[in-house]
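*Asks:* Predicted model and sequence below, questions to follow.
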There are 2 protein chains.
Amino acid sequence: MSKSVRLALLGCGTVGTEVVRLLHEQATDLTARIGAPLEIVGIAVRRPGRDRGDLPVDPGLFTTDALGLVKREDVDVVVEVVGGIEPARTWLVEALRAGKSVVTANKALLAEDGGTLHDAATEGGADLYYEASVAGAIPLLRPLRESLQGDTINRVTGIVNGTTNFILSAMDATGAGFEEALEEATALGYAEADPTADVEGFDAAAKASILASLAFHTRVGAADVYREGITAVSARDVASAKQMGCTIKLLCIATRSVDSSGQASVAVRVHPAMIPTSHPLASVGDAFNAVFIEAEAAGQLMFYGRGAGGAPTASAVLGDIVAVARNHLAGTRAASESSYADLPIRPMGEAVTRYHVSLDVADRAGVLAAVAGIFAKHDVSIATVRQSGRGDDAVLVIVTHGAPDAALAATVEELRGLEFVRAIASVLRVEGGV
Amino acid sequence: MSKSVRLALLGCGTVGTEVVRLLHEQATDLTARIGAPLEIVGIAVRRPGRDRGDLPVDPGLFTTDALGLVKREDVDVVVEVVGGIEPARTWLVEALRAGKSVVTANKALLAEDGGTLHDAATEGGADLYYEASVAGAIPLLRPLRESLQGDTINRVTGIVNGTTNFILSAMDATGAGFEEALEEATALGYAEADPTADVEGFDAAAKASILASLAFHTRVGAADVYREGITAVSARDVASAKQMGCTIKLLCIATRSVDSSGQASVAVRVHPAMIPTSHPLASVGDAFNAVFIEAEAAGQLMFYGRGAGGAPTASAVLGDIVAVARNHLAGTRAASESSYADLPIRPMGEAVTRYHVSLDVADRAGVLAAVAGIFAKHDVSIATVRQSGRGDDAVLVIVTHGAPDAALAATVEELRGLEFVRAIASVLRVEGGV
């Protein structure tokens, strides 16, 4: 039996506690699977004296000095479950440069400055694993990093934020508005006290950047992702989607496309969209996550599971710990970040999307012709129109064919200025072949 | 740039042709991802002179001497897409013992004698990868081998045979009988001329043994898998399932359970079963595959995609080629087979299942009481009974709660002998909380 692989744990909140518990409960199995025991040699926390119930760990392991812990000679692997950009980045760069492998769940840091971490890992000859950063327990990054390396991925579409999926599912089920559904999510523990990162799409955008980077062998940062949250999604939008046989989901969509000159490029976006209820992602309810991958040879693949929560996230962290521990013992490391393709990022305005536009208009002759003329002027082709009158007003629901997002936005902007358009009740993108 | 990684390809049928095509088309990307070019140095086939259209490969590479090719000094990696036990086993053992890594799609060989291959890989210090052997393009084995290594898997439930899923989907959609649906599958190329391996469940059983071995860290061979095909599934069964809000699928089910003394054991079975239409596996149509995994910390995970076909299978083969090529260049190998748990295999009779039994009985007083008495005698609890009369006869449909399969089988056997039971119209297992 080899000597133990020594872990420094940074953070001991919901996920960290589960990691400690699983390391303890599964110790025998983990030792057999790795070929050596795992040993926690220190846990960095803000409040070492805090009551942690019956956590199966020596209280003497707690420290407030995370950087000191990372630097210790007897640490082989650093496991970070604190989150946030700093000081996590400083700790992890220090570890990686010193040749200590890192397992992290820190999506914000990876999206903001993944390049720095990957460079530090290459410099130190260390492993950098982060399966838990996207879609919790769903094995997603390893398939992208390894299984699909012989294929060309064209599109990744995912529901990667459990909080917003819970809110949208509740709105769909009960007809509630956004605020009411958010209150329910908060009461049930699905939303944090400050829900901004979730409902404004920052969390999903960070995950989209990580997925796109791996799928397209290109560094895609958080700033490269077009982002729109769900705070503007109304009960009327949800009802309108239902009438069309659709449901609304917050999607992350990463696409690779090749223009007429043969130049490939990448576009990554996060926004609410209407998808048909027959689409596999439509039935992903509550706080579940699912990711659809379309690859040239493999065709359509879907991965589904729990995207958050202490135990599912800890499962992903432990899978990574086993991998880096095995590599450590074998004196090797996994293939480093692959960003050789270095594809340009296409701006959102050029992304081809479809719009669903619902207008309150004056009910008189010539209105439909005028509205249709504005779509035509912007070269946007209309797929379906539904008009229903109510007194002096009419409601006009228009779904377009695919067109550059900028053309669609300009069309809506021009409609907004028309005298006979009383209100633009809802504008939503449409995905998945409605 | 490193010198090339040299591949010997054994077999050049549907999958082999796609592998050659992808290696050619993606050469630039593969070189960038691996850090060295891949080079095919020989292709073993039965008929080297056969017309292979515009296959982008030097005709001089073809040979009939597979064993000679495997033994060549200049071969680094052997890719086997021939199938069958022999001579594939001889070739692969030869390669592995000589330290040449193997990528194979050969489920039959892995299920029949995986231990021999794994032992040869350990002996030679070589890699043995076989993602394409189960569920085609779906990245399934790597998540099991790596991502879930920190977790305990309790159950794997899958649709892993596209041919039978196509047939059962057609029966469900059209009301056709098995023979008619099989004819359609054959005409469309979904079933082979001799469909035995698919329709009798041998193919699914081989895949079940591979999944169970990885999930439970225990060598599970083809002979350890209880197997029942779909040839006895009738149009009446399908109609009966529909009445219950169910559909019939050929499932592979691998479970780990712990008895009252704390002893864990494993049971692996393949058989048709009724599942509720609301179950995620129920909507897996046509020739698609999907696998559900239930793990202690991760919870429920599902993987979905194309389970067969040249391009999807080749995608999985290429992913493995990239992995072993990287390992070859790094002078390392992946973690070897993990069978440390070595759990005992529980016989089918002890597996807890649920039955749906449809009986034609004489419509007279006391019949239901007598039938119910026989279930009680075998300690099988009844969940629902539905009786409908037609003239002198009645149809009795009984769904049980979970009970040992042997007790259920004995119950049905005793019912068969009763004077007032005219016929046992259908017996089907039920899964997924009907």
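*Replies:* Received it, and whenever you're ready, just let me know what you need. The shown structure was predicted, so the numbers you read here are calculated from the model rather than taken from an experiment.

*Asks:* Show me where chain A has its helices.
*Replies:* A:14-25, A:27-34, A:66-71, A:88-97, A:107-124, A:141-142, A:162-174, A:178-187, A:196-199, A:202-216, A:235-243, A:310-330, A:367-377, A:405-416 (DSSP state H).

*Asks:* Could you list the residues in contact with the fifth one?
*Replies:* Contacts to helix A:107-124, defined as Cβ atoms under 8 Å, 6 or more residues apart in numbering or on different chains, come from residues A:83-85, A:88-89, A:92-93, A:95-100, A:102, A:104, A:126-128, A:130, A:133-134, A:202-203, A:205-207, A:209-210, A:213, A:219, A:221-222, A:225, A:336-337, A:339. Every C-beta, even on glycine, is put in place using the N, C-alpha and C of the backbone.

*Asks:* swap in the fourth one?
*Replies:* Applying Cβ under 8 Å, 6+ apart, the contact partners of helix A:88-97 are A:8, A:10, A:66-67, A:70-71, A:75, A:78, A:80, A:82, A:101-102, A:104, A:106, A:109, A:113, A:116-117, A:120-121, A:123-124, A:126, A:128.

*Asks:* now stretch A:43-62
*Replies:* A:8-12, A:16-17, A:20-21, A:24, A:40-42, A:63-66, A:69.

*Asks:* Of those residues, keep whichever come out buried.
*Replies:* Neighbour-count burial (16 or more other Cβ atoms under 10 Å in any protein chain shown) applied to the contacts of stretch A:43-62 gives A:8-12, A:16-17, A:20-21, A:40-42, A:66, A:69.

*Asks:* out of these, who's nearest B:Ala273?
*Replies:* Of all the buried ones among the contacts of stretch A:43-62, A:Arg21 has the smallest distance to B:Ala273: 34.9 Å, by Cβ to Cβ.

*Asks:* Quick check: phi and psi on A:Gly331?
*Replies:* Dihedral pair for A:Gly331: phi 70, psi 30, per degrees, to the nearest 10.

*Asks:* could you measure it against B:Ala330, distance?
*Replies:* 10 Å (Cβ to Cβ, to the nearest Å).

*Asks:* which of the two has more neighbours?
*Replies:* Neighbours per residue, other Cβ atoms under 10 Å in any protein chain shown: of A:Gly331 and B:Ala330, the larger number sits with B:Ala330, 14 against 9.

*Asks:* State the distance from the residue lying farthest from the centre of chain A to chain B.
*Replies:* Residue farthest from the centre of chain A, counting by Cα atoms, centre = their mean, is A:Ala365 at 46.4 Å. Per Cβ to the nearest Cβ, to the nearest Å, A:Ala365 is found 47 Å from chain B.

*Asks:* same check, this time on A:Ile138
*Replies:* Remark: distance between A:Ile138 and chain B (Cβ to the nearest Cβ) = 6 Å.

*Asks:* How about A:Met171?
*Replies:* Counting by Cβ to the nearest Cβ, the gap from A:Met171 to chain B is 21 Å.

*Asks:* Surely that residue and A:Ala181 touch.
*Replies:* Yes: counting by Cβ atoms under 8 Å, A:Ala181 is a contact partner of A:Met171 at 4.8 Å.

*Asks:* shared neighbours, those two?
*Replies:* With Cβ under 8 Å, 6+ apart as the test, A:Met171 and A:Ala181 reach no residue in common.

*Asks:* Would you reformat the buried ones among the contacts of stretch A:43-62 as a markdown table and include pLDDT?
*Replies:* Shown next, in a markdown table, are the buried ones among the contacts of stretch A:43-62 (pLDDT from 0 to 100):
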| residue | pLDDT |
| --- | --- |
| A:Ala8 | 98 |
| A:Leu9 | 98 |
| A:Leu10 | 98 |
| A:Gly11 | 96 |
| A:Cys12 | 95 |
| A:Gly16 | 95 |
| A:Thr17 | 95 |
| A:Val20 | 97 |
| A:Arg21 | 96 |
| A:Ile40 | 97 |
| A:Val41 | 97 |
| A:Gly42 | 97 |
| A:Ala66 | 97 |
| A:Leu69 | 97 |
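
*Asks:* who does the helix or strand bottoming out on mean pLDDT in chain A touch, helix- and strand-wise?
*Replies:* Across the helices and strands of chain A, mean confidence by mean pLDDT, DSSP states H and E is lowest for strand A:382-390: a mean of 87. Secondary-structure packing of strand A:382-390 (3 or more Cβ pairs under 8 Å, 6 or more residues apart in numbering or on different chains; DSSP states H and E): helix A:367-377, strand A:393-400.

*Asks:* what residues does the stretch 301-434 of chain A put near chain B?
*Replies:* A:301-306, A:309, A:311-312, A:314-323, A:326, A:330-333, A:335, A:338, A:340-341 (Cβ under 8 Å from any Cβ of the partner chain).

*Asks:* redo that, cut-off 10 Å
*Replies:* A:301-306, A:309-323, A:325-327, A:329-336, A:338-341 (Cβ under 10 Å from any Cβ of the partner chain).

*Asks:* Now, of these, which are buried?
*Replies:* Neighbour-count burial (16+ other Cβ under 10 Å) applied to these gives A:301-306, A:309-323, A:325-327, A:329, A:332-335, A:338-339, A:341.

*Asks:* mind listing what the nearest residue in space to A:Val322 that is not next to it in sequence touches?
*Replies:* Distances taken as Cβ to Cβ, 6 or more residues apart in numbering or on different chains place B:Gln149 nearest to A:Val322, at 3.9 Å, with adjacent residues excluded. B:Gln149 makes contact with A:26, A:29-30, A:33-34, A:315, A:318-323, A:325-326, B:143, B:217, B:335, B:338 under the criterion Cβ atoms under 10 Å, 6 or more residues apart in numbering or on different chains.
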